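Asks: One predicted model, sequence on top.
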Amino acid sequence: MASELWIIMIIGIGTYLFRAVSLLLGSRLQWSKRTKEWLSYVSPAVLGALLGPLLLLQDDQLVSLTENKVLLASIPTIIVAWSTRRLLLTVTAGVIFYAAIYYLL
């Protein structure tokens, strides 16, 4: 347990330092157009890397669409998010869709 705490603390400090340095340097440096374009792809790539396994895998096994409640609930939630662009409404819709699918299936 103590080693896990140290690992979490080191990762937290590293994350903080990385963000602090990038904020300090980011305001003083002029980024090239190509760098800005490249950085614009980082957030969607990270989001996809986080959501892909969450939506498609369970216990490191691919889950079929008919048994995947999370994926079934995410489809209408994505439609709500895309059409309204409101975070609170999207989160609320996601919870409602997941609860409905969980209890119906």
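Replies: That came through, no problem.

Asks: In the protein, what helix or strand scores lowest on average pLDDT?
Replies: Using mean pLDDT, DSSP states H and E, helix 2-26 stands out as the lowest-scoring helix or strand of the chain, at a mean of 84.

Asks: after it, next one along is what?
Replies: Note on helix 2-26: by DSSP states H and E, the next helix or strand toward the C-terminus is helix 33-39.

Asks: What lies in contact with the following helix or strand past that following helix?
Replies: Using DSSP H and E, the helix or strand that follows helix 33-39 in sequence is helix 42-56. Residues outside helix 42-56 that contact it (CB atoms under 8 Å, 6 or more residues apart in numbering): 62-63, 68, 70-71, 74. For the C-beta atoms, the positions are set from N, CA and C on the backbone; glycine is no exception.

Asks: do stretch 14-32 as well
Replies: Stretch 14-32 has contacts (CB under 8 Å, 6+ apart) with Leu39.

Asks: Off-centre distance for that stretch?
Replies: 22 Å (CA atoms, centre = their mean, to the nearest Å).

Asks: One more: stretch 70-90?
Replies: 14 Å.

Asks: Could I get the CA-only coordinates of that stretch as PDB?
Replies: Taking Å, rounded to 0.1, in the frame of the first residue of the first chain, the C-alpha atoms of stretch 70-90 are listed here in PDB:
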ATOM      1  CA  VAL A  70     -22.800   0.900 -21.800                       C
ATOM      2  CA  LEU A  71     -22.500   1.000 -25.600                       C
ATOM      3  CA  LEU A  72     -26.300   0.900 -26.100                       C
ATOM      4  CA  ALA A  73     -26.700   3.800 -23.600                       C
ATOM      5  CA  SER A  74     -23.900   5.800 -25.200                       C
ATOM      6  CA  ILE A  75     -25.500   5.900 -28.600                       C
ATOM      7  CA  PRO A  76     -28.500   8.100 -27.700                       C
ATOM      8  CA  THR A  77     -26.300  10.000 -25.300                       C
ATOM      9  CA  ILE A  78     -24.000  10.900 -28.100                       C
ATOM     10  CA  ILE A  79     -26.900  12.100 -30.200                       C
ATOM     11  CA  VAL A  80     -28.100  14.300 -27.300                       C
ATOM     12  CA  ALA A  81     -24.600  15.700 -26.800                       C
ATOM     13  CA  TRP A  82     -24.200  16.400 -30.600                       C
ATOM     14  CA  SER A  83     -27.600  18.100 -31.000                       C
ATOM     15  CA  THR A  84     -27.700  20.200 -27.800                       C
ATOM     16  CA  ARG A  85     -24.000  20.800 -26.900                       C
ATOM     17  CA  ARG A  86     -25.000  21.100 -23.300                       C
ATOM     18  CA  LEU A  87     -23.000  19.200 -20.700                       C
ATOM     19  CA  LEU A  88     -25.600  19.000 -17.900                       C
ATOM     20  CA  LEU A  89     -28.300  17.800 -20.300                       C
ATOM     21  CA  THR A  90     -25.900  15.200 -21.800                       C
END
